[in-house]
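Undergrad: requesting a structural model of the entry that follows:
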Amino acid sequence: MQVYLVGGAVRDRLLGKPVADHDYVIVGATPEALKAQGYKPVGKDFPVFLHPQTGEEYALARTERKSGRGYAGFTFHADESVTLEEDLRRRDLTINAMAEDEHGRLVDPFGGAADIQARILRHVSPAFVEDPVRVLRIARFAARYAPLGFTIAPETLDLMRQMVQNGEVDHLVAERVWAETRKALGEPRPSAFLAALRACGALARLFPEIDALYGVPQRPEYHPEVDTGVHTEMVVDMAARLAPGDTLIGWCALVHDLGKALTPPDVLPRHVGHEEGGVSPIQALGERYRLPSEYVDLAVLCCRLHLHAHRALELRPATLLEVFEQLDAFRKKGRVEQFLMVCESDKRGRLGLSESAYPQAQWLREAYAAAAAISAKPFVEKGLDGREIGEAVRQARLREIARIRPEPAPPGG
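TA: Below is the predicted model:
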């Protein structure tokens with residue numbers, strides 16, 4: 001029996017990154033032998049065991065064979081005759097198909113270390129095309145490693161196109177699409193995820209609402225990048241910068257402008273009413289991929305209200321208060337900050353504006369803090385009840401916002 005460290009831990013060590021998870025493969029053993037040593041079985045589809053002391057996962061070396069459509073259409077074979085190289089061959093990318101023995105010696109039958117040096121994401125074998133989840137995984141790895149200079153090998157991108165064309169991606173279940181997309185939105189450069197999916201045709205198949213944004217023009221005085229799809233890529237990258245790893249902010253940033261794809265051609269490059277127009281596509285995506293309600297609800301609000309944030313310095317106190325009320329901000333304390341992260345990402349996710357100031361955010365924070373500080377207690381003590389209390393609190397909030405409202409800048413100031 002031989003034990004090898006495999007996968008991400010080996011890859012990350014070669015990249016000089018912290019190693020978070022350790023995965024091990026055991027060669028030359030049987031499930032019965034591992035159980036006899038105290039390993040606890042946890043795998044349902046193939047033999048995976050928890051180490052009796054460390055609790056870390058150990059899997060028996062295995063091979064897999066395509067037996068149907070989709071990511072679940074595989075049968076696995078695991079016994080003591082399966083070699084380490086056979087186990088590594090079934091993996092997606094060469095950089096994930098490396099191992100270390102117990103002495104730290106690298107086992108690299110498919111050139112993963114060289115591809116790390118060359119900054120290439122390359123498939124291990126032609127069997128890559130058998131698992132449609134790999135289209136999403138490669139795009140997600142692109143989002144993770146694009147800042148390090150990684151690109152997808154042309155031959156791997158060709159296989160991804162083939163998987164789209166032959167309908168494999170159509171068999172992806174909603175949960176897997178969302179799981180990979182959500183992870184990608186937590187990576188440093190989510191735009192690379194979109195670019196990779198678009199390059200192989202998967203974006204149009206899986207997210208037609210987002211793919212439709214590409215080529216749609218916007219007014220250049222507000223959007224120097226012009227193309228709405230390009231703007232969306234810039235916004236998700238800015239969201240990853242302002243709120244690293246926050247996939248909720250990333251999702252709202254991704255879908256905030258979906259209504260622009262529905263603008264009639266004779267109206268372009270203006271997008272009147274795109275805020276309300278984007279609600280239905282967001283809800284459709286949420287239903288199709290069974291998104292958590294928090295993601296759908298906040299995305300809809302950001303879509304509807306983001307222009308109010310951009311115009312915050314011009315808005316009347318009553319309009320500002322309505323924004324807070326629609327956000328349900330007096331009950332959900334973090335909503336305003338989440339909303340502002342998305343709006344600032346939108347404003348700064350434009351060509352030449354990545355370092356621009358966004359004073360609207362500070363004013364909205366101050367206005368919200370002032371309004372939220374108003375308590376119902378003094379009105380209860382005055383003997384008001386029911387609707388009278390609610391209206392009194394609302395009027396007090398309006399007065400407070402009006403009291404601290406900044407003076408407009410003088411002409412030419």
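Undergrad: okay, CA-based contacts and neighbour counts for the rest of this
TA: Fine.
Undergrad: output the below-cut-off pLDDT ranges for the stretch 101-250 of the chain.
TA: Within the stretch 101-250 of the chain, no range satisfies pLDDT under 70.
Undergrad: where do the strands sit along it?
TA: For the stretch 101-250 of the chain, the strands defined by DSSP state E, counting those that start in this stretch cover 106-107, 120-121, 151-152.
Undergrad: so which residues of the stretch 51-200 of the chain form helices?
TA: Secondary structure of the stretch 51-200 of the chain (DSSP state H, counting those that start in this stretch): helices at 84-89, 112-118, 133-145, 154-165, 174-185, 190-200.
Undergrad: which residues are in contact with the helix or strand hosting residue 391?
TA: In this assignment (DSSP states H and E), residue 391 forms part of helix 387-404. Residues outside helix 387-404 that contact it (Cα atoms under 8 Å, 6 or more residues apart in numbering) are 317-318, 321, 367, 370-372, 374-376, 379-380.
Undergrad: if we use 7 Å, what do you get?
TA: 317-318, 321, 367, 370-371, 374, 376, 379-380 (Cα atoms under 7 Å, 6 or more residues apart in numbering).
Undergrad: buried ones in it?
TA: Neighbour-count burial for helix 387-404, counted by 16 or more other Cα atoms under 10 Å, picks out 389, 392-401.
Undergrad: can you tell me which of those residues is nearest residue 201?
TA: Top of the list for closeness to residue 201, among those and by Cα to Cα, is residue 401 at 49.0 Å.
Undergrad: before we move on, the earlier item: relative to residue 362, which of the helices of the stretch 51-200 of the chain is closest?
TA: Nearest of these (Cα to Cα): helix 174-185, 25.6 Å.
Undergrad: for that closest one, packing partners?
TA: helix 133-145, helix 247-255 (3 or more Cα pairs under 7 Å, 6 or more residues apart in numbering; DSSP states H and E).
Undergrad: the inter-axis angle of the longest one versus helix 154-165?
TA: For helix 133-145 against helix 154-165, the angle by axes from the mean of the first three to the mean of the last three Cα atoms, to 10 degrees is 130 degrees.
Undergrad: tell me which other helices or strands helix 133-145 touches.
TA: helix 174-185, helix 190-200.
Undergrad: what angle do the first one and helix 247-255 make?
TA: What separates the directions of helix 174-185 and helix 247-255 is an angle of 90 degrees, with the same axes, to 10 degrees.
Undergrad: show me the contact partners of helix 174-185.
TA: 136-137, 140, 143, 190, 193, 247, 250-251, 288-290.
Undergrad: which one of those is nearest residue 42?
TA: When these are compared against residue 42 (criterion: Cα to Cα), the nearest one is residue 137, at 24.0 Å.
Undergrad: neighbours of the closest one, how many?
TA: 19 (other Cα atoms under 10 Å).
Undergrad: try residue 136
TA: The local packing of residue 136 (other Cα under 10 Å) involves 26 other residues.
Undergrad: got it, and residue 220?
TA: Applying other Cα under 10 Å, we find 12 residues neighbouring residue 220.
Undergrad: look up the closest residue to residue 31, ignoring the ones flanking it.
TA: Spatially, and ignoring its direct neighbours in sequence, residue 31 is nearest to residue 47 (7.0 Å; Cα to Cα, 6 or more residues apart in numbering).
Undergrad: residue 259 versus residue 166, what's the distance?
TA: Going from residue 166 to residue 259 by Cα to Cα, to the nearest Å gives 30 Å.
Undergrad: and the two? Which one has more around it.
TA: Set residue 166 next to residue 259 and count neighbours by other Cα under 10 Å: residue 259 wins out with 25 against 10.
Undergrad: so what pairs up with the nearest residue to residue 35 once chain neighbours are set aside in the strands?
TA: In space, and not counting its chain neighbours, residue 35 is closest to residue 41: 7.5 Å by Cα to Cα, 6+ apart. Beta bridges link residue 41 to residue 49 when assigned by DSSP bridges.
Undergrad: is it true that residue 41 touches residue 55?
TA: No - judged on Cα atoms under 7 Å, residue 41 makes no contact with residue 55 at a distance of 11.1 Å.
Undergrad: more crowded one of the two?
TA: A count of neighbours by other Cα under 10 Å puts residue 41 above the other of residue 41 and residue 55, at 18 against 11.
Undergrad: which residues does the residue lying closest to residue 151 once chain neighbours are set aside contact?
TA: Distance criterion Cα to Cα, 6+ apart; nearest residue to residue 151, sequence neighbours excluded, is residue 120 at 5.3 Å. With contacts defined as Cα under 7 Å, 6+ apart, residue 120 is in contact with 150-153.
Undergrad: now do residue 50
TA: Counting by Cα under 7 Å, 6+ apart, residue 50 makes contact with 39-41, 56-58.
Undergrad: give me that answer again for 6 Å
TA: 39-40, 56-57 (Cα atoms under 6 Å, 6 or more residues apart in numbering).
Undergrad: make CSV from those and add distance to residue 312 to it.
TA: Shown next, in CSV, are these (distance: Cα to Cα, whole Å):
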residue, distance to residue 312
39, 60
40, 58
56, 51
57, 52
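Undergrad: next step: the residues you listed restricted to strands.
TA: 40, 57 (DSSP state E).
Undergrad: which of the contacts of residue 50 lies closest to residue 280?
TA: Nearest to residue 280 among the contacts of residue 50, with distances taken as Cα to Cα, is residue 57, at 42.9 Å.
Undergrad: if I look at that closest one, how far off is residue 22?
TA: Counting by Cα to Cα, the gap from residue 57 to residue 22 is 8 Å.
Undergrad: got it, and residue 16?
TA: In terms of Cα to Cα, residue 16 sits 15 Å off from residue 22.
Undergrad: more neighbours: the two, which one.
TA: Neighbours were counted for residue 16 and for residue 22 using other Cα under 10 Å; residue 22 has more, 14 against 8.
Undergrad: the more buried one: what's it in contact with?
TA: Residues near residue 22 by Cα under 6 Å, 6+ apart: residue 9.
Undergrad: likewise for residue 92?
TA: Residue 92 touches 123-124, counting by Cα under 6 Å, 6+ apart.
Undergrad: just give me the residue closest to the centre of this protein.
TA: Nearest residue to the geometric centre of the chain (Cα atoms, centre = their mean): residue 185, 1.8 Å.
Undergrad: quick check: that residue vs residue 248, distance?
TA: 8 Å.
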